[in-house]
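[1] here is a sequence with its predicted model. Questions after.
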Amino acid sequence: MPVRSDDRWFTPAAGSGLRLGDGHLRLVDEVTLVDGGGEHGKGYVHGHRRIDPDDWYFSCHFHRDPVMPGSLGVEAVLQGLQALVIESGLADGMGPVRFAVPRDVPMGWKYRGQILREDREMTFDAHIKEVRRTDGRLTVVADASVWKPGLRIYELTDIAVDVVPDESAEEDQ
């Protein structure tokens with residue numbers, strides 16, 4: 001399903017307020033979500049981004065050696081997980097919430113390459129390992145890979161996203 005071109009992902013969802021990062025952080029062109037899929041049978045996310053040689057980050061990252069910052073590849077995977085949470089309704093009924101980085105899930109990250117201007121695309125896949133609800137919080141944990149054409153360039157273990165109460169929404173009431 002389209003992401004970057006569909007503004008619904010970047011405006012607060014009714015009931016929860018969840019949304020993806022906007023502006024320069026529109027990092028995912030499209031996602032495929034498979035409920036109950038993946039290596040662990042708990043969900044699967046496949047994402048895609050077309051690489052434009054004029055993308056904003058190439059002029060900012062590494063003088064004379066332009067590459068996509070690795071953190072943006074990780075952020076794209078996080079946005080894929082966030083899209084899964086929004087689309088599947090995992091946070092329905094939690095009230096006003098926001099996405100957060102879990103503090104109690106250590107993530108592993110191995111690099112094996114970079115996205116260059118001449119790469120045509122970046123893809124990722126995430127296999128959901130765990131969905132847990134504790135103390136008014138939802139945590140989704142996955143193992144993921146980020147690819148450029150013909151090569152897996154990142155391996156992410158225990159990449160996770162939290163959904164937590166949005167205290168600022170409560171203060172506005």
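    Perfect, thanks for sending it.
[2] in this structure, which spans are helices?
    Along the chain, counting by DSSP state H, helices occupy 70-88, 167-172.
[3] and the spatially closest residue to V105 that is not a sequence neighbour, what is it in contact with?
    Nearest residue to V105, sequence neighbours excluded (C-beta to C-beta, 6 or more residues apart in numbering): A160, at 4.2 Å. Any C-beta I mention is one placed from the backbone N, CA and C, and that applies to glycine too. Contact analysis of A160 by C-beta atoms under 8 Å, 6 or more residues apart in numbering lists 81, 101-102, 105, 107, 139-142.
[4] poorly predicted segments of the protein, please.
    Scanning the chain for pLDDT under 70 picks out 169-173.
[5] same list, the helices of the chain, but as TSV with distance to G36 and mean neighbour count please.
    Converted to TSV, these look like this (distance: least, C-beta to C-beta, whole Å; neighbours: other C-beta atoms under 10 Å):
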stretch	distance to G36	mean neighbour count
helix 70-88	10	21
helix 167-172	31	10
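[6] in JSON lines, list those along with distance to D22.
    Listed next are the helices of the chain as JSON lines, based on distance: least, C-beta to C-beta, whole Å:
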{"stretch": "helix 70-88", "distance to D22": "11"}
{"stretch": "helix 167-172", "distance to D22": "17"}
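[7] now L156: closest residue in space that isn't a chain neighbour?
    Take L156 and drop its neighbours on the chain: the residue closest to it by C-beta to C-beta, 6+ apart is A144, 4.4 Å away.
[8] I'd say that neighbour and I128 touch.
    No - checked against C-beta atoms under 8 Å, the pair A144 and I128 is beyond contact range at 9.7 Å.
[9] excluding covalently adjacent residues, which one is nearest to G73?
    Leaving aside its sequence neighbours, G73 sits nearest to V146 (C-beta to C-beta, 6+ apart; 4.5 Å).
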